[in-house]
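> what's the 3D shape of this:
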Amino acid sequence: MPNSFAFLVLALTPLICLVIFRSMPAGRALIACLLGSYLFLPPQPTAFDPPLLPPLNKESLPNLTVLALCLALYADQVKLLPESRAARVFLILFILSPLGTTITNLEPVFFGRIGLPGMGIKDMVSTMFRQVSIIAPFLLARCLLRTRMDQRDLLLAFVFAGLVYSIPMLLEVRLSPQINIWVYGFFQHSFEQMMRDGGFRPIVFLYHGLWAAFFMMVCVVAAVTLLRGETGKHRTYALIIAAYLFGVLVLCKSLASFMYAVLLVPLVLFLPRRLQLWVALALALLTVSYPVLKGAHLVPERQILAQAEKVSADRAGSLRYRLENENVLLDRAMEKPLFGWGSWGRNQILDPVTGVSQTVSDGYWVIALGMFGWVGWLAQLGLLLWPIALLWHKLKGSVLVNASPYVTGMSLLLALNVFDLLPNATLTPLTWLWAGALLGYAERDDIYVRPAKHKLKSVM
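Numbers count the residues shown, from 1 in each chain. Below is the predicted model:
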């Protein structure tokens, strides 16, 4: 269990955020509060549980704090509703979908002698409040991180955070994951899962070692994006930092994050920026289509498993287990396809005698689909991916030399993060911050520059 210091640090979060907002510009303060909270606050189960509200933990408490501070201190700059109609529709559906979920889940659910309660008004209010806390970084970033320099600040913040976080990560690689125990008095996950290839995965204050590796991958690509967009000696600094962070990523022992970096780094460095947008859009479309293809039994699971067997029997076994659980949970979700099963674990399959869950949810998509149905899942996916679609639409016929040099690399990173929601659940406030910053830039009217038309000269 968390110690008293863990709860004290969490309780001081609003005060720390206030000091940060008073000491720097709004955009930088937003980045510092959310990035610092994600990396250093105590993870679950450290949380305050007020009545009628969702638990206030390391994600929801900072999100609600920065929302309140921005509305109080920068009311003239913060317009919460997006300008694009599609984003407004997705936002309304995302926040109000728990209403439909509650109405369609009033009855209890039974697994043998084990029963789960139906949803009520309290659950609806709590879930809608949770949706607001989740979406707060997206809405605030859209208002406060709209320019090229804001994007540069965001990338620099990730690179700096990666350098700082690499120190405790390297310490845990050498000594084993112990820092959360030393500081907050508990270990947040299974210690066995932090052991890999005769060594240890670092986790520090994050939920899992995979989260730590994914964060380091984002920092590597952020450094490479700066390398592509900067000039002079700054390029040299970015190259050295990217190489160092990549070395730390290798030590994180996560094959997926390593492969993501191997894929994205050359794309960001060498691919023309217009093609980078096309790749980001293709990744977005693949993410949208996977659950549909999965439900229609069009995903070639046998062929995928056969290829995985060639790499590693252990990894193939893990993948098979994931796919089998996905199939069971998808069948369960399709019993209430529109608005899902709601909370209380109603989307899971429980043992009829012990009440222990017989299913394991790894991919975020199957969790969201089971809880909130197609309406809730597509609304959330739309908010995350609409910035990429809007950027592609606005920049496809524009002169890219006038566009931000960072926007295409950031689009690739966002698309990959959303794609990673298929096998994992790496949706964090930082993902929403990234998506909001891209939407804020995409909604600007001055990013589209029509190519100049050259007059034909007569040869007569």
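
> Who are the packing partners of the helix or strand that contains Ala379?
If you go by DSSP states H and E, Ala379 is part of helix 364-395. With contacts taken as 3 or more C-beta pairs under 8 Å, 6 or more residues apart in numbering; DSSP states H and E, helix 364-395 sits against helix 85-103, helix 273-295, helix 313-333, helix 407-419, helix 429-442. All C-beta spots, glycine's among them, are computed from the backbone N, C-alpha and C.

> Quick one: closest of those to Tyr207.
helix 429-442 (12.5 Å; C-beta to C-beta).

> from the chain's centre, how far out does that closest one sit?
Remark: helix 429-442 is offset 10 Å from the chain centroid, using C-alpha atoms, centre = their mean, to the nearest Å.

> now the angle from that helix to helix 273-295?
Interaxial angle, helix 429-442 versus helix 273-295 (axes from the mean of the first three to the mean of the last three C-alpha atoms, to 10 degrees): 130 degrees.

> Now do the same for helix 429-442: mean pLDDT, whole number.
Across helix 429-442, the average pLDDT comes to 96.

> which helices and strands sit right next to it?
Packed against helix 429-442 by the contact rule (3+ C-beta pairs under 8 Å, 6+ apart) you find helix 26-40, helix 121-144, helix 148-175, helix 364-395, helix 407-419.

> CSV please, covering those and showing mean neighbour count, mean pLDDT and distance to Pro272.
Formatted as CSV, these follow (neighbours: other C-beta atoms under 10 Å; pLDDT from 0 to 100; distance: least, C-beta to C-beta, whole Å):
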stretch, mean neighbour count, mean pLDDT, distance to Pro272
helix 26-40, 22, 97, 29
helix 121-144, 21, 95, 27
helix 148-175, 19, 96, 19
helix 364-395, 23, 94, 12
helix 407-419, 25, 96, 9
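
> Show me the shaky parts of this structure.
398-401, 448-460 (pLDDT under 70).

> Can you pull the domain assignment for it?
Domain assignment for the chain by automatic domain parsing gives 1-78, 82-144+271-444, 148-267.

> Please state the offset of the second one from the chain centre?
This points to domain 82-144+271-444. Domain 82-144+271-444 sits 10 Å away from the centroid of its parent chain (C-alpha atoms, centre = their mean).

> Could you do stretch 265-277 as well?
Relative to the centre of its chain, stretch 265-277 is centred 22 Å away, using C-alpha atoms, centre = their mean.

> now stretch 198-210
Worked out by C-alpha atoms, centre = their mean, stretch 198-210 lies 18 Å from the chain centre.

> C-alpha coordinates for that stretch, CSV please?
Only the C-alpha atoms of stretch 198-210 are listed here, as CSV (Å, rounded to 0.1, in the frame of the first residue of the first chain):
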residue,chain,number,x,y,z
GLY,A,198,18.6,-11.9,-17.6
GLY,A,199,18.1,-8.3,-16.5
PHE,A,200,15.5,-5.7,-15.5
ARG,A,201,13.1,-3.4,-17.2
PRO,A,202,12.9,0.1,-15.6
ILE,A,203,9.5,1.3,-14.4
VAL,A,204,10.3,4.2,-12.0
PHE,A,205,6.9,5.9,-11.2
LEU,A,206,5.0,4.7,-14.2
TYR,A,207,2.4,1.9,-14.4
HIS,A,208,4.5,-0.7,-16.2
GLY,A,209,7.9,-1.1,-17.8
LEU,A,210,6.3,-1.0,-21.2
